[in-house]
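> just need the structure, nothing else, for what follows:
(one chain, ligands or ions: 2)
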Amino acid sequence: MTRRLARQLDEQDPLADYLDRFLPGDDSVRAYLDGNSLGRPPKATVAAIEDCLHKQWGTRLIRSWTEEWLALPTVVGDELGTTVLRAAPGQTVVADSTTVCLYKLLRAACALRPGRTEIVTDVHNFPTDRYVVEGIASELGMTLRWLEPPIRGGITPELLAPVLGAQTAVVTFSHVAYQSAAIADMAGITARVHDVGALVVWDLCHSAGAIPVDLDTARADFAVGCTYKYLNGGPGAPAFLYVNHAVQERFHQPIQGWIGRADPFAMAQGYLPAPGVSRALSGTPNVLGLIAVREGVRLVTEAGIERIRAKGIALTELAVRLTEQHLAPLGFTLGSPRRAEDRGNHITICHPNGKALAEQLTAAGILVDFREPDGIRFGCSPLTTRFSDLPVAVEALADLASATG
Ligand SMILES: Cc1ncc(COP(=O)(O)O)c(C=O)c1O
Ligand SMILES: Nc1c(O)cccc1C(=O)C[C@H](N)C(=O)O
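Ligands and ions are numbered 1, 2, ... in the order given. A predicted model of the protein is given here:
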């Protein structure tokens, strides 16, 4: 019955054909529900990388730096920014990792608020975000203020009052929480942060390519995110960062390298930041990674973020309904917001024995991941996840849980 419904949803799905634009994998995978950690490889990426190897690296050799490659961080940044992040050109670059981008932006943001002593984040933020913030606080002698939002709920402006004040320099949150997928109110929170004269850095790892993001309209100061999840840029693909035009000319990031300098090939004495967002760059760009990101962004742009979001909601809604029907009676609980508009494109299903069950699911060819303390995540990547993947995963999970008592 449920499998039939899922098949019908696949037949009616306007994005169904996109699965064919990705490498097929092999029969060892019955359902891939981990695109929220690592997206699948687009076929176009294979062709684009081969093209770069043969025509650019292989033929044009070193000339490719000036002909093509040095421009890629800003060119691909603008392609991503204007289509996926609703950021006007000249504010987004693709470089480094999310962790390094976070460090650069948080340090730069602290420097823009001299004399203020506090940084705010939340206890459920992704580990790398918490660790970077801890490092900066100890490096600059600042104090960390930890927000404790409900584990399954999003961060709302109302929750902020106890942690914001005249000493707040910078606030950083994930837009979509990695554990629960709860969506934070970006525009509302940004406005509250600005009310106290502080700046905000958004982590968009679980939003970029999954749900609509509107950085300019939200008046976000800074943002970072990875490209290997819903943007399908590949393992270790370079991250992106966004610096709002309003703060760019006063923005100084701490990793002063030659690629972020004005006129790098002048090889001149002394660091002089490049004009605009290019000053956020540091060293030699990862060209193969950038080419892969470009193809991933093209697919998302072609499919359209609104259609991607609509399918993401339909997928997670089916997953939630199946969880309620088949898993709740076996002791599972939903670790994500119940309302579709409050969550991103994965759902978390909690069970005291979640870790072992996730391992058994993976061994059975249903690739999911587990996040402490008890959450099995079903990642729904609208370009590659089929509705029929969900009953397969839920039935297998129910069988495993029944078998282990
Ligand atoms: C919210 C969030 N921030 C950061 C990261 C990772 O950063 P990095 O790509 O630098 O490992 C992830 C996932 O790995 C994440 O989910
Ligand atoms: N970035 C990852 C990695 O290098 C290895 C394994 C997983 C990841 C992930 O992306 C984890 C992911 N950000 C999460 O939400 O948990």
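
> contact partners for the residue in the stretch 151-300 of the chain that ligand 1 sits nearest to?
Taking CB to the nearest ligand atom, ligand 1 has its nearest neighbour within the stretch 151-300 of the chain at Cys205, 3.6 Å off. All C-beta atoms are positioned from the backbone trio N, CA, C, and that covers glycine. Applying CB atoms under 8 Å, 6 or more residues apart in numbering, we find Cys205 in contact with 98, 126, 174, 176, 178, 224-226, 229.

> now it: how far from ligand 2?
Cys205 sits at a distance of 6 Å from ligand 2 (criterion: CB to the nearest ligand atom, to the nearest Å).

> cool, Thr333 as well?
From Thr333 to ligand 2 the distance is 20 Å (CB to the nearest ligand atom).

> show me which of the contacts of Cys205 neighbour ligand 2.
Tyr178 (CB under 6 Å from any ligand atom).

> nearest to Leu281 among the contacts of Cys205?
Proximity of the contacts of Cys205 to Leu281 (CB to CB) peaks at Val224, which lies at 13.8 Å.

> what's whichever strand or helix holds the closest one packed up against?
Assigning secondary structure by DSSP states H and E places Val224 in strand 222-225. Packing partners of strand 222-225 (3 or more CB pairs under 8 Å, 6 or more residues apart in numbering; DSSP states H and E): helix 98-111, strand 199-203, strand 239-243.

> residues contacting that strand, please?
Against strand 222-225 from outside (CB under 8 Å, 6+ apart): 85, 98, 101-102, 105, 108-109, 199-205, 207-208, 215, 239-244, 247.

> low-confidence ranges in this protein?
Where the chain drops to pLDDT under 70, the residues are 1, 405.

> up against ligand 1, what does the stretch 51-200 of the chain have?
Neighbours of ligand 1 within the stretch 51-200 of the chain, by CB under 6 Å from any ligand atom: 97-99, 126, 128-129, 174, 178.

> ok, and the most crowded of the residues you listed?
Ser174 (27 neighbours; other CB atoms under 10 Å).

> wait, isn't it in contact with Val123?
No - with contacts counted by CB atoms under 8 Å, Ser174 stays clear of Val123, the gap being 12.0 Å.

> quick one: the residue of the chain positioned farthest from its centre and Ala393, what's the gap?
With distances taken from the mean C-alpha point of the chain and given as CA atoms, centre = their mean, the most distant residue is Gln269, at 37.3 Å. Using CB to CB, to the nearest Å, Gln269 is found at 59 Å from Ala393.

> excluding its backbone neighbours, what's nearest the residue in the stretch 251-400 of the chain that ligand 1 sits nearest to?
Nearest residue of the stretch 251-400 of the chain to ligand 1 (CB to the nearest ligand atom) works out as Arg371 at 9.9 Å. Leaving aside its chain neighbours, Arg371 sits nearest to Gln179 (5.4 Å; criterion: CB to CB, 6 or more residues apart in numbering).

> now stretch 54-73: buried residues?
For stretch 54-73, a neighbour-count test (16 or more other CB atoms under 10 Å) marks 56-57, 64-65, 68-70, 72-73 as buried.

> and for stretch 295-306?
Applying 16+ other CB under 10 Å to stretch 295-306 flags 295-300, 303, 305 as buried.

> which stretches in the protein count as helices?
Remark: helices assigned in the chain by DSSP state H are 2-12, 43-51, 63-67, 72-84, 98-111, 127-140, 186-195, 215-218, 245-248, 287-303, 305-322, 354-363, 389-404.

> what sits up against the second one?
Taking CB under 8 Å, 6+ apart as the criterion, the residues outside helix 43-51 that touch it are 21-23, 232, 234, 288, 291-292, 294-296, 298-299.

> do stretch 109-118 as well
Outside stretch 109-118, the residues within contact range by CB under 8 Å, 6+ apart are 119, 136, 140-145, 165-170, 197-199, 201, 221-222, 247, 250-252.

> before we move on, the earlier item: which residues does the residue of the stretch 251-400 of the chain closest to ligand 1 contact?
By CB under 8 Å, 6+ apart, the neighbours of Arg371 are 178-179, 348, 377.

> now the two most distant members of those.
Farthest-apart pair in the contacts of Arg371 is Tyr178 and Thr348; separation 9.4 Å (CB to CB).

> flag every residue of the stretch 201-350 of the chain that's near ligand 2.
Counting by CB under 6 Å from any ligand atom, the residues of the stretch 201-350 of the chain close to ligand 2 are Cys205.

> got the residues of the stretch 201-350 of the chain near ligand 1?
203, 205-206, 226, 239.

> please produce a PyMOL select command covering the buried subset of those.
Entered in PyMOL, the line below selects the buried ones among those, by 16+ other CB under 10 Å:
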select buried, resi 203+205+206+226+239
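
> between the residues of the stretch 201-350 of the chain next to ligand 1, which is nearest Ala280?
Taking CB to CB as the measure, Ala239 is the one of these closest to Ala280, at 11.2 Å.

> any idea what that closest one is bridged to?
Here Ala239 sits in beta bridges with Ala95, going by DSSP bridges.

> ok, the nearest residue to Asp185 once chain neighbours are set aside to ligand 2 distance?
Excluding the flanking residues, the one nearest Asp185 by CB to CB, 6+ apart is Thr156, at 5.6 Å. Remark: distance between Thr156 and ligand 2 (CB to the nearest ligand atom) = 21 Å.

> doesn't Gly188 make contact with Thr156?
Yes - look at Thr156 against Gly188 with CB under 8 Å: they come within range, at 7.0 Å.

> which residue comes closest to Val368 once chain neighbours are left out?
Counting by CB to CB, 6+ apart, Leu33 is the residue found nearest to Val368 once chain neighbours are left out, at 4.9 Å.

> equivalent analysis for Leu38, please.
Nearest residue to Leu38, sequence neighbours excluded (CB to CB, 6+ apart): Tyr228, at 5.8 Å.

> count the neighbours of the one you found for me.
24.

> max-length strand in this protein?
Longest strand in the chain by number of residues, with DSSP state E as the criterion: strand 168-174.

> residues making contact with it?
With CB under 8 Å, 6+ apart as the test, strand 168-174 has contacts from 102, 106, 109-110, 113, 116-122, 125-126, 129, 133, 142, 145, 155, 160, 164, 184, 189, 193, 196-206.
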